[in-house]
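**Q** Dropping the sequence and predicted coords here.
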Amino acid sequence: MSGVRLLRAERGRFTGRAGVLDDDGHRDEVAAYFADMARPFGVEPGSEPAGQSYGEMAKALVAAVPADEPVDLLVLAFSVHDMWPGRATATYLSHLCPGAPLSFALCDQGSATPFTGLRVIRAHGARRALLVVVEQASLPYASTAPLPVEHRGVALLFGGGPDDGSEGLRQHTGVEPGAVPGLASAAVAGLSAGRDARVVLSDALAAVWPGPPDHVRIPAGQPTTGVWWHLAGALGASADVVVLGDYDPGLRYLSFAAVPVRA
């Protein structure tokens with residue numbers, strides 16, 4: 001089978017701080033760690049750690065994978081780091097996931113990270129693969145990076161087979177805002193041609209290319225999970241394919257993916 005199809009999806013909002021931070025000793029250690037890491041860059045620590053742990057968040061999402069549907073590959077995608085430094089979170093999630101899949105994490109690509117995760121899944125050719133996209137909304141120091149409004153996570157279970165990673169995906173680097181409309185129009189046209197497609201744009205992409213009126217525009221506030229949250233809710237929708245589009249204005253990454261959502 002070529003490419004991947006969305007089989008199952010789970011999404012969740014999380015409140016409060018990570019459970020691991022309820023321990024006074026561990027919270028102090030985490031605060032000291034981030035203070036030491038930030039200080040060489042002239043950034044002083046702010047409030048005490050109050051964010052979320054991706055291991056704790058994703059544990060609830062991974063539990064949605066049925067025990068009789070083992071997973072071969074798990075990819076954890078995030079942009080903002082979590083509040084449990086030093087933990088091998090992807091390995092921990094592999095231990096929880098049916099099938100004990102090969103697992104690893106992707107980061108440092110901004111909002112393009114989940115798209116790269118999907119590219120890896122397609123190229124790997126796993127029978128079943130789980131893409132976990134997470135973001136938490138609190139850092140214990142000042143940051144110029146846009147933080148999400150809420151702690152959110154999405155788990156997407158895909159089925160498929162080997163692929164070269166290109167069909168159904170478009171990723172461009174070094175894209176200035178003025179070049180976005182032309183590339184975006186071509187990508188959406190190519191990915192939706194001959195299909196009953198729903199097109200979903202992140203707020204950052206819609207700001208420089210709103211597209212036709214029938215395109216769905218995701219509200220601001222969730223820079224990493226935004227379009228993927230919508231995809232999780234679109235499983236079984238009337239459209240055959242959901243075309244996701246996102247633009248990272250800081251890193252100049254422009255990404256698109258076409259995901260079949262109906263058998």
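**A** Structure's in. What do you need? It should be emphasised that the depicted structure is a prediction, and the values quoted were computed from it without experimental measurement.
**Q** need the strands for the stretch 101-250 of the chain, in chain order.
**A** For the stretch 101-250 of the chain, applying DSSP state E, counting those that start in this stretch gives strands covering 102-106, 128-135, 151-160, 169-172, 197-201, 216-217, 241-248.
**Q** Check which helices and strands the fourth one sits against.
**A** Of the remaining helices and strands, those touching strand 169-172 by 3 or more C-beta pairs under 8 Å, 6 or more residues apart in numbering; DSSP states H and E are helix 113-124, helix 180-192, strand 253-260. Every residue, glycine included, has its C-beta placed from N, CA and C.
**Q** which of these sits most buried?
**A** Across the helices and strands packed on strand 169-172, averaging neighbours per residue (mean count of other C-beta atoms under 10 Å) puts strand 253-260 on top, at a mean of 24.
**Q** what lines up beside that strand in the sheet?
**A** Partner strands and pairing direction for strand 253-260 (DSSP bridges) are strand 169-172 (antiparallel), strand 241-248 (antiparallel).
**Q** what's the closest of these to Val132?
**A** Val132 sits nearest to strand 241-248 of all the strands paired with strand 253-260, at 16.2 Å, using C-beta to C-beta.
**Q** how's this protein carved up into domains?
**A** With domains defined by automatic domain parsing, the chain comprises 4-17+49-160, 169-260.
**Q** Kindly reformat these as CSV containing mean pLDDT and distance to Asp24.
**A** Listed next are these as CSV, based on pLDDT from 0 to 100; distance: least, C-beta to C-beta, whole Å:
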stretch, mean pLDDT, distance to Asp24
domain 4-17+49-160, 93, 12
domain 169-260, 95, 30
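**Q** Same list (these) but as a markdown table, adding distance to Phe34.
**A** What follows is these, written out as a markdown table (distance: least, C-beta to C-beta, whole Å):
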| stretch | distance to Phe34 |
| --- | --- |
| domain 4-17+49-160 | 5 |
| domain 169-260 | 20 |
